[in-house]
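> Just the structure for this:
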Amino acid sequence: ASSLLSGLSGYVDIGLVLLWIYMRELVSSLHHDTAVRVVVFRSLVQGVFCAGADLKERAEMNHSDSDLFVHGLRSLMTEIALLPMPTVAAVDGFALGGGLELALACDLRTAANSAQMGLIETTRGLLPGAGGSQRLPRAVGFALAKELIFTGRRVDGQRAVDMGLVNRATEQNSDGDAAYREALSLAREILPQAPIAVRMAKEAMNRGMEVDITSGMAIERMCYARVIPTRDRQEGMAAFIEKRPPRYTGE
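Next comes the predicted model:
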């Protein structure tokens, strides 16, 4: 069966540390869940996707604790990026610092035009430490990423879609969840497709981006070989011949 799963990702009173603990448990549970085909990360706090670290909490940490804390965030973002199914970040408000790094760890991003996004760490005497310095250049290009990080600039949803930072931008609605609804719309376009093929396509692209083109072709061949024996491939061929919608089961 197909399923959508929404993760909480707004700043809440329990503090960012407890939030990351919750998200780590959530992400860990997803890695081997073959029933989940798309994961949507959203916030339940209106106007905020994730505002980044609580600087008051961070100020109370010593150097060692701060390093371990940021290392934990970086590891969590990597775990999100390594989820086998497609992930979508629905940015309906502020996504600053670690909040944008969370969105960047997802495969796809939707945003309200009124959303504010930015890696603002240099304005606080820091640099992006949870993957932002690596993922932003891969999303928008090297020179533009440098400009955004060096200046700590914030951009709205429309500018973000123009630069390729988000896939889709939309006007905010009265409920404050336009990006989430757009993320669900995007997810519903993915759900009818063969789930193993989608997962293998994600693996081929993600791994291929990190190597030369020849090695990338070898990765594509390996991933392609893994879908050949699946029942879904047989169903896809049969549905085409019989001129009917395919009924994929993820087998």
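
> And Q193, what's its pLDDT?
Q193 carries a pLDDT value of 95.

> Look up phi and psi at it.
Per-residue torsions, Q193: phi -80, psi 160 (degrees, to the nearest 10).

> Same question for A90.
Torsion angles at A90 (phi, psi; degrees, to the nearest 10) stand at phi -100, psi 100.

> Next: L148.
Here is the backbone geometry of L148 (degrees, to the nearest 10): phi -70, psi -40.

> Enumerate the positions of stretch 155-165 that are buried.
Neighbour counts over stretch 155-165 (16 or more other Cβ atoms under 10 Å) mark 155-161, 165 as buried. (Each C-beta comes from the backbone N, C-alpha and C, glycine too.)

> same deal with stretch 228-236?
Those would be 230, 232, 235-236, for stretch 228-236 by 16+ other Cβ under 10 Å.

> Quick one: mark the members of the residues you listed that sit in helices.
Using DSSP state H, the subset of the buried residues of stretch 228-236 located in helices is 232, 235-236.

> Can you spell out which residues form a bridge with A111?
The partner list for A111 in beta bridges (DSSP bridges) reads V91, A169.

> Begin at 54, not 1, for the rest of this chat.
I'll keep to 54 as the first residue from here, and by that count the last item is A164.

> ok, now which ones touch it?
When contacts are counted by Cβ atoms under 8 Å, 6 or more residues apart in numbering, A164 touches 143-145, 148, 170, 210, 213-214, 219, 221-223, 232.

> PyMOL command for the buried members of the residues you listed?
Here is the PyMOL command that picks out the buried ones among the contacts of A164, judged by 16+ other Cβ under 10 Å:
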select buried, resi 143+144+145+148+170+210+213+214+219+221+222+223+232
